[in-house]
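*Asks:* Sequence isn't available, so here's the structure alone:
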């Protein structure tokens, strides 16, 4: 038995999310289907570092798989990419790893990026790949306000009501709001995130960017520890699972 | 009569090109159709700065239109964008201009960019938006070789056999090959370009990047003034009409 670590990029638009589910296309199942041929028709579990919702993308999702048959990492990459051809999913690299490695449990930090295209004109290339916000946003005010979220907090306000995490307490290592050409990028890193946490934070920061909210309103919303204090959840379009760090 | 200058972005994938043609969707016709309602059902000519081929994109195509009715530039932008909604075309700005302004004839410099994604793994988000080249390319060698093309030359080798320009002699103002994150960007500027000129140059530079061609081979190909000396034409996927400068 050999364990392999896969680095995966995908366009989330046609998928109902990372995780396999009945009657809906998922990234996990797409890769598992491609592995069937390699594994004599037997299903291989593709264990991801984190789930992503419908329409959410990945630049650096990580997963591990176990294979009985001997195969070189490079050949495995080629074979999976061949099997998933036609789907907007790409295995960027494959590495043979020790069986102690676990894509989910060995991960110590996850990085996400949220892309906003801040302009009046409609989207073209980027439909579904960025959140198009027409109202001009104050990037500095957004960055400054966001800093109240850094550190250990009860993020109940920024948590989907169906979030399955045991605790709403998470430690946000950093959050940055930057102008990158004609886009605004919100980057965040933490050991783990709650369901919808980044989209809820992004929605709130958009309110700060338009002047509807201030740093204080954001602080109050955080301290309310109440989902009802959330006024706006950003769409999945602009969210990318960027990178995973391991111990 | 008022003339307006339009700045236009489009995703070329679903179009047979900029120019209106029978039985095939074009960007020009898409915008002209949107203007019908504004112009009491009468067709308005949308005159572009340059034609783009099927599958070629634009970040900054410029066009002008003449309207009899009075309308503010901002309202006109909103109205056209409303009319083209659903198509990956976006009017980035509209400006009222003097009737001496001509999108094609007043243009003094056109800038293009060609995007190559240089990696072994297949494309995801970028299918049709970049040229995916798997073989590692030597960016410095490409940039260095490209400099032999700068200046006034007979570009017959790099010209489509159906090119309608009167002369194959053009002056290339600059060409740069740069690594930008995981992409390679080829930027070029000139008063005007021949049909397929940038795609033919890009294909040749790819041969330099893989070591099949040298700077000397490229120079020889240029001096041959013979389309038969061209070994590789790049696909439309990575080509963007970036910017137009006016006198």
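*Replies:* Perfect, I can see it now. It should be emphasised that the depicted structure is a prediction, and the values quoted were computed from it without experimental measurement.

*Asks:* contact partners of the longest helix seen in chain A?
*Replies:* Ranked by residue count and defined by DSSP state H, the top helix of chain A is helix A:197-209. By C-beta atoms under 8 Å, 6 or more residues apart in numbering or on different chains, the residues outside helix A:197-209 that reach it are A:112, A:114, A:116, A:131, A:133, A:135, A:137-139, A:141-142, A:145-146, A:149, A:155, A:157-160, A:170, A:175, A:177, A:184, A:186, A:188, A:213-215, A:217-218, A:221, A:230-236, A:238-239. (C-beta placed from N, C-alpha, C; glycine too.)

*Asks:* From those residues, list just the buried residues.
*Replies:* A:112, A:114, A:116, A:131, A:133, A:137, A:139, A:141-142, A:145-146, A:149, A:155, A:157-160, A:170, A:175, A:177, A:184, A:186, A:188, A:213, A:217-218, A:221, A:230, A:234, A:236, A:238-239 (16 or more other C-beta atoms under 10 Å in any protein chain shown).

*Asks:* From those residues, which land in strands?
*Replies:* A:112, A:114, A:116, A:131, A:133, A:170, A:175, A:177, A:184, A:186, A:188, A:239 (DSSP state E).

*Asks:* what residues are up against the spatially closest residue to the last one that is not a sequence neighbour?
*Replies:* Think residue A:239. Spatially, and ignoring its direct neighbours in sequence, residue A:239 is nearest to residue A:56 (4.6 Å; C-beta to C-beta, 6 or more residues apart in numbering or on different chains). Contacts for residue A:56 (C-beta under 8 Å, 6+ apart) come out as A:12, A:17-18, A:236, A:239-241.

*Asks:* Would you mind measuring from residue A:56 to residue B:76?
*Replies:* With distances taken as C-beta to C-beta, to the nearest Å, residue A:56 is found 36 Å from residue B:76.

*Asks:* Next to chain B, which bits of chain A? Give me the list.
*Replies:* A:9-11, A:57, A:77, A:81, A:85, A:88-93, A:119-125, A:127, A:129 (C-beta under 8 Å from any C-beta of the partner chain).

*Asks:* please redo it, this time with the cut-off set to 6 Å
*Replies:* Listed as neighbours of chain B in chain A under the rule C-beta under 6 Å from any C-beta of the partner chain: A:9-11, A:81, A:88, A:90, A:92, A:121-122, A:124-125.

*Asks:* Pick out whichever of the contacts of residue A:56 sits closest to residue B:70.
*Replies:* Ranked by distance to residue B:70 (C-beta to C-beta), these are led by residue A:236 at 42.4 Å.

*Asks:* Just to check, that closest one is in contact with residue A:53?
*Replies:* Yes: the criterion here is C-beta atoms under 6 Å, and residue A:236 meets it with residue A:53 at 5.4 Å.

*Asks:* Closest one to chain B out of the ones in strands among the buried ones among the contacts of helix A:197-209, please.
*Replies:* residue A:239 (13.1 Å; C-beta to the nearest C-beta).

*Asks:* So the closest one sits against residue A:114, correct?
*Replies:* Yes: counting by C-beta under 6 Å, residue A:114 is a contact partner of residue A:239 at 5.3 Å.

*Asks:* ok, the nearest residue to residue A:150 once chain neighbours are set aside - contacts?
*Replies:* Spatial nearest neighbour of residue A:150, excluding adjacent residues (C-beta to C-beta, 6+ apart): residue A:172 at 5.3 Å. Residues near residue A:172 by C-beta atoms under 6 Å, 6 or more residues apart in numbering or on different chains: A:149-150, A:190.

*Asks:* how about the residues you listed in CSV, adding pLDDT and distance to residue A:205?
*Replies:* Output for these, formatted as CSV (pLDDT from 0 to 100; distance: C-beta to C-beta, whole Å):
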residue, pLDDT, distance to residue A:205
A:149, 98, 9
A:150, 98, 13
A:190, 98, 16
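
*Asks:* Can you tell me which of those is nearest chain B?
*Replies:* Looking across the contacts of residue A:172 and measuring by C-beta to the nearest C-beta, the closest to chain B is residue A:190, at 24.0 Å.

*Asks:* dump the residue contacts of the closest one.
*Replies:* Residue A:190 touches A:172-173, counting by C-beta under 6 Å, 6+ apart.

*Asks:* Try it again at 7 Å.
*Replies:* The contact partners of residue A:190, taken as C-beta atoms under 7 Å, 6 or more residues apart in numbering or on different chains, are A:109-110, A:170-173.

*Asks:* Also residue A:141?
*Replies:* Applying C-beta under 7 Å, 6+ apart, the residues contacting residue A:141 are A:208-209.

*Asks:* again, but for residue A:89
*Replies:* Residues near residue A:89 by C-beta under 7 Å, 6+ apart: A:8, A:10, A:27, A:30-31, B:124.

*Asks:* Ok, residue A:124 next?
*Replies:* B:9-11, B:88-90.

*Asks:* do the same with residue A:49
*Replies:* With C-beta under 7 Å, 6+ apart, residue A:49 has these contacts: A:61-63, A:103-104, A:107, A:110, A:244.

*Asks:* returning to that earlier point: the residue nearest to residue A:150 sits in which helix or strand?
*Replies:* Assignment of secondary structure by DSSP states H and E places residue A:172 within strand A:169-180.

*Asks:* how does chain A divide into domains?
*Replies:* Chain A is divided into the following domains under automatic domain parsing: A:2-97, A:108-246.

*Asks:* Let's have those in a markdown table, adding distance to residue B:71.
*Replies:* Formatted as a markdown table, the domains of chain A follow (distance: least, C-beta to C-beta, whole Å):
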| stretch | distance to residue B:71 |
| --- | --- |
| domain A:2-97 | 36 |
| domain A:108-246 | 17 |
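
*Asks:* Out of the ones you listed, which is closest to residue B:166?
*Replies:* Closest among the domains of chain A, using C-beta to C-beta: domain A:108-246, at 33.1 Å.

*Asks:* starting at the chain centroid, how far to that closest one?
*Replies:* In terms of C-alpha atoms, centre = their mean, to the nearest Å, the centre of domain A:108-246 is set 12 Å apart from its chain centre.

*Asks:* how far does that domain stretch from start to finish?
*Replies:* Using C-alpha to C-alpha, to the nearest Å, the end-to-end distance of domain A:108-246 comes to 5 Å.

*Asks:* Also stretch A:184-199?
*Replies:* This stretch, stretch A:184-199, spans 14 Å end to end (C-alpha to C-alpha).

*Asks:* Would you indicate which residues of it are buried?
*Replies:* A:184-190, A:193-199.

*Asks:* Return the closest of these with respect to chain B.
*Replies:* Closest to chain B out of the buried residues of stretch A:184-199 is residue A:185 (13.2 Å), distances taken as C-beta to the nearest C-beta.

*Asks:* Dump the residues of chain A next to chain B to TSV, plus pLDDT and secondary structure.
*Replies:* Formatted as TSV, the residues of chain A next to chain B follow (pLDDT from 0 to 100; DSSP: H, G, I helix; E, B strand; the rest coil):
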residue	pLDDT	secondary structure
A:9	98	strand
A:10	98	strand
A:11	98	coil
A:81	97	helix
A:88	97	coil
A:90	98	strand
A:92	97	strand
A:121	96	coil
A:122	96	coil
A:124	97	coil
A:125	94	coil
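
*Asks:* Could you work out the most separated pair of those?
*Replies:* So, the residues of chain A next to chain B by C-beta to C-beta: farthest apart are A:81 and A:121, at 35.6 Å.

*Asks:* The residue lying closest to residue A:6 once chain neighbours are set aside: helix or strand, and which one exactly?
*Replies:* Once flanking residues are discounted, residue A:6 sits nearest to residue A:63: 4.8 Å by C-beta to C-beta, 6+ apart. Secondary structure assigned from DSSP H and E places residue A:63 in strand A:57-67.
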